[in-house]
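# generate a structure from the sequence data that follows.
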Amino acid sequence: MKTLQELVTDKKAAVVIVDVQNDYCHPEGSLGQRGADVSGVAEMMPNLHRLLDSARAHEVPLIFIQTFHEDATDSEAWRERSAGNSAQVCRKGSWGAEFFEVEPAAGEIIVNKHRYSAFINTRLDTVLRTLGIETLIMTGVSTNVCVESTARDGYMLDYHIVMLKDACASYSREAHDMTMTNISGYFGTVTDTSEVIQLWDYSRETAALR
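Reported below is the predicted structural model:
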């Protein structure tokens, strides 16, 4: 069994940033306008920024997941989710579908998805296998829906899952905490941003001494 250090520092790990987009994160976005509590997003963003800065410094790949919804991919079953209240979220080409406070740099990968899981009918698995990735460091929004759905499918495809509890956010603390219980119990490892950054730093320091 691999240690957490081995999982995140062996150059086979990538950071997956799920749905950090205006409609899910901004107070004026679709969910905020409907009364969803987005305060958890504000709490997690400083940790996510620290993580992304450190990942870039350590050359850990970043995979940005961006949801688009449009008529061509909205099945009847999909339109009826959330009692039909999610029909206007992240419409293709809208301000709501744009990234929130994060910006992929030149060459960083964006994977577009149309369902909760970033593995369903997308190129994510092909991208990860091309890069030789074995561990997914999971971040983003919302913890208990798209982040957890992607983490579960990733685990089913034999990726190691490392969930960062302070770089994910949900609209309910209870739902967020339940996902952490699920992941640690059945699908992977739960840790925080500081521990991963410390492991990256330690790995670089020890490599420099060899």
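# residue contacts, the nearest residue to His26 once chain neighbours are set aside?
Using CB to CB, 6 or more residues apart in numbering and skipping the chain neighbours, the partner closest in space to His26 is Phe100 (5.5 Å). Using the backbone N, CA and C atoms, a C-beta is placed for each residue, glycine as well. Residues in contact with Phe100, defined by CB atoms under 8 Å, 6 or more residues apart in numbering, are 20-22, 24-26, 29, 41.
# between those, which is nearest Pro61?
Taking CB to CB as the measure, Val20 is the one of these closest to Pro61, at 16.5 Å.
# how much space between the residue nearest to His26 and Ile183?
23 Å (CB to CB, to the nearest Å).
# next one: Thr126
24 Å.
# quick one: which of those two has more around it?
Legend: neighbour count by other CB atoms under 10 Å for Thr126 and Ile183, higher for Ile183 (24 against 10).
# what's the distance between the closest residue to the more buried one other than its chain neighbours and Tyr186?
Nearest non-adjacent residue to Ile183, counting by CB to CB, 6+ apart: Met163, 4.7 Å away. Separation of Met163 from Tyr186 (CB to CB) stands at 12 Å.
# for Met1, same thing?
Where Tyr186 is concerned, Met1 sits at a distance of 15 Å (CB to CB).
# compare these two (neighbour count), which wins?
Taking neighbours as other CB under 10 Å, Met1 and Tyr186 compare with Tyr186 leading, 10 against 4.
# doesn't the more buried one fall inside a helix?
Yes. Under DSSP: H, G, I helix; E, B strand; the rest coil, Tyr186 sits within a helix.
# show me where the chain has strands.
13-18, 62-67, 109-113, 135-141, 160-169, 189-191 (DSSP state E).
# next, format those as a markdown table and append distance to Arg56.
Converted to a markdown table, those look like this (distance: least, CB to CB, whole Å):
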| stretch | distance to Arg56 |
| --- | --- |
| strand 13-18 | 10 |
| strand 62-67 | 7 |
| strand 109-113 | 13 |
| strand 135-141 | 13 |
| strand 160-169 | 15 |
| strand 189-191 | 20 |
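# distance to Asp74, mean pLDDT and mean neighbour count added to these, as a markdown table?
As requested, the strands of the chain are arranged in a markdown table below (distance: least, CB to CB, whole Å; pLDDT from 0 to 100; neighbours: other CB atoms under 10 Å):
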| stretch | distance to Asp74 | mean pLDDT | mean neighbour count |
| --- | --- | --- | --- |
| strand 13-18 | 20 | 98 | 26 |
| strand 62-67 | 12 | 98 | 22 |
| strand 109-113 | 13 | 98 | 18 |
| strand 135-141 | 21 | 98 | 27 |
| strand 160-169 | 25 | 98 | 24 |
| strand 189-191 | 33 | 98 | 19 |
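# counting contacts, what elements does the lowest-mean-pLDDT helix or strand in the chain pack onto?
Every helix and strand of the chain was ranked by mean pLDDT, DSSP states H and E. The lowest is helix 76-79, at a mean of 85. Using 3 or more CB pairs under 8 Å, 6 or more residues apart in numbering; DSSP states H and E as the contact definition, helix 76-79 packs against no other helix or strand.
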